[in-house]
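**Q** After the sequence you'll find the predicted model.
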Amino acid sequence: GENVEQHPSTLSVQEGDSAVIKCTYSDSASNYFPWYKQELGKGPQLIIDIRSNVGEKKDQRIAVTLNKTAKHFSLHITETQPEDSAVYFCAATSNRDDKIIFGKGTRLHILP
Amino acid sequence: NAGVTQTPKFQVLKTGQSMTLQCAQDMNHEYMSWYRQDPGMGLRLIHYSVGAGITDQGEVPNGYNVSRSTTEDFPLRLLSAAPSQTSVYFCASSYSLTANTEAFFGQGTRLTVV
């Protein structure tokens, strides 16, 4: 089955700097790669996603890149703000087995 | 529009007790799933359903049962609670998994088994 590795587990960046979180996946049939943000005491919420026919997608300060050959994808947050402090999860899913498999999460701290 | 509603928000059980975690969605979503979240382990899939009457196992199904009699509801049953089932449980739904769409999560149930 699919296995998703996520790094780092914890990341601290100065406010205004950029943050990058990286994930790798194992199943070449995976074709959808969402990123979720989880704030304290809440359920995860989708912030951006990318499909396997696209190499990069951007939404304001957030961007995701996908390298299908290397089986890795990354989340980029620019000009970080205090409200970006949260836990971020990457995930991968395919049409083959109807399962969404998540990485273990990255706790992002934005330092004042 | 309530989205995905989970009840209860908090629960303490004694070892060996049984209980049902409730999950309901009002978005007419076909796909529903249950995850558990443990420190350092991320979100692990317990069971999922691609439509009423259809359920399947995820990564960590042992000790849990599910059923899907309606599109709206997807309860998770703990048959005989164990301390290892202490966790935060999340229910999620999406329009169609095979179309690879956004999953909407509930607020979670924090379960402690003593």
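**A** Sure thing, it's come through. Residues are numbered from 1 along each chain as shown, chains lettered A, B, ... in the order given.
**Q** quick one: stretch B:52-61 near chain A?
**A** Yes - judged by Cβ under 8 Å from any Cβ of the partner chain, stretch B:52-61 comes into contact with chain A at B:D56, B:G58, B:E59. C-beta coordinates here come from the backbone N, C-alpha and C atoms, glycine included.
**Q** Which elements pack onto the helix or strand bottoming out on mean pLDDT in chain A?
**A** Every helix and strand of chain A was ranked by mean pLDDT, DSSP states H and E. The lowest is strand A:100-102, at a mean of 90. Counting contacts by 3 or more Cβ pairs under 8 Å, 6 or more residues apart in numbering or on different chains; DSSP states H and E, strand A:100-102 packs against strand A:86-93, strand B:42-51.
**Q** let's go with 10 Å and repeat that
**A** strand A:4-7, strand A:32-38, strand A:86-93, strand B:31-38, strand B:42-51 (3 or more Cβ pairs under 10 Å, 6 or more residues apart in numbering or on different chains; DSSP states H and E).
**Q** Output the set of residues of chain A in proximity to chain B.
**A** A:1-2, A:4, A:6, A:9, A:30-34, A:36, A:38, A:41-46, A:49, A:51-52, A:87, A:89-91, A:93-106 (Cβ under 10 Å from any Cβ of the partner chain).
**Q** Just the buried subset of those residues, written out for PyMOL, thanks.
**A** Here is the PyMOL command that picks out the buried ones among the residues of chain A next to chain B, judged by 16 or more other Cβ atoms under 10 Å in any protein chain shown:
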select buried, chain A and resi 2+4+6+30+31+32+33+34+36+38+43+44+46+49+52+87+89+90+91+93+94+98+99+100+101+102+103+104+105+106
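**Q** on that earlier part again, are any of the residues of stretch B:52-61 next to chain A buried, and which?
**A** If we count by 16+ other Cβ under 10 Å, the residues of stretch B:52-61 next to chain A have these buried: B:G58, B:E59.
**Q** Please list the members of the residues of stretch B:52-61 next to chain A that lie in strands.
**A** B:D56 (DSSP state E).
**Q** what's the closest of the residues of stretch B:52-61 next to chain A to chain A?
**A** Closest approach between the residues of stretch B:52-61 next to chain A and chain A, by Cβ to the nearest Cβ: B:G58, at 6.4 Å.
**Q** Which residue comes closest to that closest one once chain neighbours are left out?
**A** Spatially, and ignoring its direct neighbours in sequence, B:G58 is nearest to B:L45 (3.0 Å; Cβ to Cβ, 6 or more residues apart in numbering or on different chains).
**Q** Double-check the one you found against A:K99; I have them as touching.
**A** Yes - counting by Cβ atoms under 10 Å, B:L45 does reach A:K99; the two are 5.9 Å apart.
**Q** Name the residues contacting each of the two.
**A** Residues touching both B:L45 and A:K99 (Cβ atoms under 10 Å, 6 or more residues apart in numbering or on different chains) are B:S33, B:D56, B:Q57, B:G58, B:E59.
**Q** residues contacting the residue nearest the centre of chain B?
**A** Nearest to the mean C-alpha position of chain B, counting by Cα atoms, centre = their mean, stands B:W34 at 2.8 Å. Taking Cβ under 10 Å, 6+ apart, we find B:W34 in contact with B:6, B:21, B:23, B:44-49, B:58, B:60-61, B:64, B:66, B:74-76, B:89-92, B:106, B:109.
**Q** List the contacts of the closest residue to A:K71 other than its chain neighbours.
**A** Sequence neighbours aside, A:Y25 is the residue nearest to A:K71 in space, at 5.2 Å (criterion: Cβ to Cβ, 6+ apart). A:Y25 sits next to A:2-6, A:33, A:66, A:68, A:71-73, A:90-94, A:101, A:103 when contact means Cβ under 10 Å, 6+ apart.
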